[in-house]
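Chemist: could you work out the structure for the sequence below:
(chains A and B)
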Amino acid sequence: MAAPSSSDQPLHRALGLTDAELEDIIAVLGREPNALELALYGVMWSEHCSYKSSRIHLKRLPTTGDKVLVGPGENAGVIDAGDGIAVAIRIESHNHPSAIEPYQGAATGVGGILRDIFTMGARPLAVMDPLFFGTPDDARQRWLIEGVVSGISGYGNSVGVPTIGGELTFDPCYQTNPLVNVLCVGALPVERLVLGIASGTGNLAVLLGSSTGRDGIGGVSVLASAGFEGEDGAASLDESKRPATQVGDPYEEKRLIEACLALLDEKLVVGIQDLGGGGLACGTSELAARGRVGMDVDVDAIPRREPGMEPWEVMTSESQERMLAIVTPESLPTVIELCSRWEVAATVIGEVTEPDYDDAGEPVGMLRLRSGGEVVGEVPAASLADEAPLYERPLLEPANRDARSAADPSETIEGIDLEAALLSLLLDPIPVYRQYDHQLFLNTVIGPGADAALLRLAGPGLPASTRGMSLSTDSNPRWGSLDPRAATAATVAEGVGNLACTGATPVAVVNCLNFGNPEHPEVMWQLSESIDGMGDACRALGLPVIGGNVSLYNESGGSDIDPTAVIGTLGLLDELVVRPPSVGWGDGETVLLIGADDAGLLGGSRLAVEVLGNRDGRLFDLDLAEFSQAATLVASMVAEHAAGRPGLLGAVHDVGSGGLAVALAEMAIKGGVGATVSTGVSTAGLFSERPGRFLVTSTDPEAVAAQAEVAGVPCRVLGRTGGDVLSLDGQLSVTVSALAERSANALENALDAAG
Amino acid sequence: MTASIGVVVFPGTNCEHDAVAAVDALGGHGRLIFHTDTSLGDVDGLILPGGFAHGDYLRPGAIARFSPIMDAVRGFAESGGPVVGICNGFQVLCEAHLLPGALQKNRGLTFLCQPSVLEVVSTASVLTSGATVGDRLDVPINHFSGSYTCDIDTLRTLTESDRIVLRYADNPNGSIDAIAGISNEAGNVVGLMPHPERAVSALLGSEDGAVLLRSFLDAAASASVA
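Modeler: The predicted structure is shown next:
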């Protein structure tokens, strides 16, 4: 049969398998695999599907907690949110497809993660998109940015799931390898929770949704699990990989969501799995492996978009908008009828079979593929899904770490133009976020552009509740480049701090670890350190890690991206009936700083990197216990407002990237009011970024200070709002209108300059 | 009495649950009607909600107008029943020729989800009867193809017969004459691009859409009595 091949290398290498992996496959089967079987292993043993480089490190993360209903390893993590409602959450990357075909790459990233959520029985309620691009000073970046944003907008809006936030980061390390991550959260009545498990010999495997085409073949192996080799690291790179990206149809997905949720409501499916990366090879083998059963698949029964497709193409195609459901023969007619109401195709393509038993008496479910009346492939399902080799790749601390941390950028801050520096750090991402529907389902209390998004915990088909949920995505490659362990710990804290500003108590995190080539020992060291930093912080803050995604090979022209650990943090509010205070302050309020001052180090700060042009330094020290006290205090004060009880605060804002100066400017811009502030910190301290500091305003500052004292959290008055000028320490005076104008126009100016 | 409101669901519609929730919150009773149905059942008013009926393929509303339910919608409208099309529903009503004109892509050629300020221009419609001319309402928009256009004779007719119902204060999408919503000649069929159902809760930021939907529910309730 025809199979992917290249004249100058053996088939297994063309499929992304090493010689040693081929030996492993021969040992599993007790014979040479045929080309179809090899294609299955090529997909399932890819880095993207098997986590073979990262799995031994991920084991070190804490994953359990009181509220955890489903932890890592399933399609999504699930939390018990109270009132009979469960919340499902997942984050993924779609980096390489977006680098090659930005609109479809980003669009299918959204589509894929929605399926992971409704696979669990949850209706997808919100999406967030952390995006990372190179500096927008060339035409290719503009093409990438516009393509990715319109892909998210075009797919997300049309499929009917609001996009409530995310991040927008520009850094030269992403110049040829942008990152497109996507987080989705959904909710379900607790009793509707379903898992991707096949069971019941004789039950049917029913393919729902789109027909299968040649798009996306080898997406996970050829595309996601290798770097870009383009020598010029630019537009010409790897155009030949474009056919490995998928094409999305949000209208098909919308109908698929409605049909699947209706099937689950009617309890018509035994198990269900989405078909994304790895296609049917992944879906059939994972369903069977989790249920420890076999599955027979009639490849000829799978509806195709075009004639002449070989079985290996059908089984590894990543055509979008498909689900694989396990149903009993008795319920099949009802399933087909319900799907036809939503104009969703439903085709029986196989059935669940009894497992074989090995010498030790253990069940071995076989995945058998039939075509033309013959068995064309036969492999143990678990060998595809769970038994990829695990690699303990060498780790190496970068040799230049000591040199890079020898001097802090704050030493060179003397004489900078503070006003110009502050203005240059202001950027309102609204021109991006207004392209996303962020209000559908009438849940969005705080949408994009604030510290964290805040939603009502409500949706079609859910039990009534007045609870709220809050979400933040955070990352910091500038910190990560200096110290991936401390940086990732601080990023977890940053997420918790953002949630505190909406009054939410954090309950779980998910992570998307975007790193370079794992065959580079320095990259593996970064990954290992980053995972340990996440584990440290999550243990200290009592947070389980309930899901994650690892995206490796983010490199081009031999250069790895800076470590980019994206942390998604989910929090809950017991009562959300009144809009809590927001970032914008009012006139005549006292400005207070809650939380201990930092040491004024600028290593990894935006000021150092973007203004001083200095990427070196030492990252701040973060005391997680002290941080937690401050965040808990702020959350409790904001939660009073949200519950409709009398509160003390006029405005609240986390001190994040850009430090105190940027946070104060943002409060002035959003409030449309100036302030006179004496921070009492050094010039560098105006821009240092250690989490654990919160700016609040109040008309009763004594009461705020008293609460802080009871909580044992430092709190001091910085100044007072009023007038139309923001004045900092007598060093810097800028009109609010100048701040607002710069912030509002920064993104469009940057993009226009690229045109 | 409680007005019973049918909310029409095409495949790809996505604001149907929000429309029902808003109707229910304001004292009405919302009920979904599927596009393959041929009868409306017992309803006092109809909402064609927002979304992307049939994926907006070909043109927003172009396929939905041929849905089996549309004959019943037309009959209800022509017999004077209150009908409001919101966003994609407005596009469907234009494609079905229950309202004149068309919705083009926004000026600027991007999707826009943002707050907008509407000015009440006419109270001679089922959607604005309870408002006051000159009222300024904070009601969000959420669309790619929301730029209203029509020929000059139609614009003159709309203006002279008081059928321009709502205008944008800042015309974010480049609509002709800043038109945000219009009605038919009898005032019982209204289309608007902004989303009043997204503005009925202080928790979510605005309650200004309530005056519009209350007018509509009142019209439906009295149509029911009549």
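
Chemist: quick one: name the residues of chain B near chain A.
Modeler: Residues of chain B lying close to chain A by CB under 8 Å from any CB of the partner chain are B:11-12, B:14-15, B:17-18, B:21-22, B:34, B:36, B:51-52, B:54-57, B:110-114, B:140, B:142, B:144, B:195, B:197-198, B:201-205. Heads up, the C-betas are built off the backbone N, CA and C, glycines and all.

Chemist: and those, which are buried?
Modeler: Buried subset of the residues of chain B next to chain A (neighbour count, 16 or more other CB atoms under 10 Å in any protein chain shown): B:11-12, B:14-15, B:17-18, B:21-22, B:51-52, B:54-56, B:110-113, B:140, B:142, B:144, B:195, B:197-198, B:201, B:203-205.

Chemist: in strands, which of those residues appear?
Modeler: Using DSSP state E, the subset of those located in strands is B:Leu112, B:Cys113, B:Asn142.

Chemist: off-centre distance for the lowest-mean-pLDDT helix or strand in chain B?
Modeler: The weakest-scoring helix or strand in chain B, judged by mean pLDDT, DSSP states H and E, is helix B:210-225 (a mean of 92). Relative to its parent chain, helix B:210-225 has a centroid offset of 14 Å by CA atoms, centre = their mean, to the nearest Å.

Chemist: run through the neighbouring helices and strands of that helix.
Modeler: On a contact count with 3 or more CB pairs under 8 Å, 6 or more residues apart in numbering or on different chains; DSSP states H and E, helix B:210-225 meets strand B:4-9, helix B:16-25, strand B:45-48.

Chemist: hey, which of these is tucked in deepest?
Modeler: strand B:45-48 (a mean of 29; mean count of other CB atoms under 10 Å in any protein chain shown).

Chemist: what is the mean pLDDT for the helix or strand just after that one?
Modeler: Sequence-wise, the next helix or strand downstream of strand B:45-48 (DSSP states H and E) is helix B:70-78. Average pLDDT, helix B:70-78: 98.

Chemist: just the buried positions in helix B:70-78, please.
Modeler: B:Met70, B:Ala72, B:Val73, B:Arg74, B:Phe76, B:Ala77.

Chemist: which one of those residues sits closest to chain A?
Modeler: The closest of these to chain A turns out to be B:Met70 (CB to the nearest CB; 17.1 Å).

Chemist: in the chain, which segments are predicted with low confidence?
Modeler: Just going to use chain A. Across chain A, the ranges flagged by pLDDT under 70 are A:1-7, A:218-245, A:753-755.

Chemist: let me rephrase: I mean chain B.
Modeler: Within chain B, the segments meeting pLDDT under 70 span B:225-226.

Chemist: secondary structure class of the residue sitting nearest the centre point of chain A, three-state.
Modeler: Nearest to the mean C-alpha position of chain A, by CA atoms, centre = their mean, lies A:Ile91 at 3.4 Å. Here A:Ile91 is recorded as strand under DSSP: H, G, I helix; E, B strand; the rest coil.

Chemist: beta partners of it?
Modeler: A:Leu183 (DSSP bridges).

Chemist: list the contacts of it.
Modeler: Applying CB atoms under 8 Å, 6 or more residues apart in numbering or on different chains, we find A:Ile91 in contact with A:113, A:181-184, A:473, A:510-512, A:547-549, A:566, A:568.

Chemist: same thing but 6 Å
Modeler: Shown in contact with A:Ile91 (CB atoms under 6 Å, 6 or more residues apart in numbering or on different chains): A:Leu183, A:Val510, A:Cys512, A:Asn549, A:Gly568.

Chemist: hang on, A:Glu387 is in a helix, isn't it?
Modeler: No: A:Glu387: not assigned to a helix; according to three-state DSSP it is coil.

Chemist: in space, what's closest to it - neighbours in sequence excluded?
Modeler: Leaving aside its chain neighbours, A:Glu387 sits nearest to A:Val28 (7.1 Å; criterion: CB to CB, 6 or more residues apart in numbering or on different chains).

Chemist: tell me the SS of A:Asp296?
Modeler: Secondary structure for A:Asp296, judged by three-state DSSP, is strand.

Chemist: distance of the closest residue to B:Arg59 other than its chain neighbours from A:Leu442?
Modeler: With CB to CB, 6+ apart as the criterion, B:Arg59 has its nearest non-adjacent residue at 7.2 Å, and that residue is B:Glu95. Per CB to CB, to the nearest Å, B:Glu95 is found 27 Å from A:Leu442.

Chemist: hmm, back to that, wait, the residue nearest to A:Glu387 touches A:Ser383, no?
Modeler: Yes: the criterion here is CB atoms under 6 Å, and A:Val28 meets it with A:Ser383 at 4.7 Å.

Chemist: ok, these two, which is more surrounded?
Modeler: Using other CB atoms under 10 Å in any protein chain shown, the more surrounded residue of A:Val28 and A:Ser383 is A:Ser383, with 24 against 17.

Chemist: roughly how far apart are A:Ile349 and chain B?
Modeler: For A:Ile349, the distance to chain B (CB to the nearest CB, to the nearest Å) stands at 24 Å.

Chemist: again with A:Pro409
Modeler: 38 Å.

Chemist: residue contacts, the closest residue to A:Leu576 other than its chain neighbours?
Modeler: Of all residues not flanking A:Leu576 in the chain, A:Gly468 sits nearest, at 3.0 Å (CB to CB, 6+ apart). Residues in contact with A:Gly468 (CB under 6 Å, 6+ apart) are A:Arg456, A:Leu457, A:Leu573, A:Leu576.

Chemist: rewinding a little: between B:Glu95 and A:Leu442, which one's more packed in?
Modeler: Applying other CB under 10 Å to B:Glu95 and A:Leu442 shows that A:Leu442 carries more neighbours, namely 25 against 22.

Chemist: so the more buried one versus B:Phe111, what's the distance?
Modeler: 19 Å.

Chemist: do B:Val43 as well
Modeler: Relative to B:Phe111, B:Val43 is positioned 32 Å away (CB to CB).

Chemist: helix, strand, or coil at the residue nearest to A:Glu387?
Modeler: A:Val28 ends up helix, using three-state DSSP.

Chemist: ditto for the one 5 residues further on
Modeler: Assigned by three-state DSSP, the conformation of A:Pro33 is coil.
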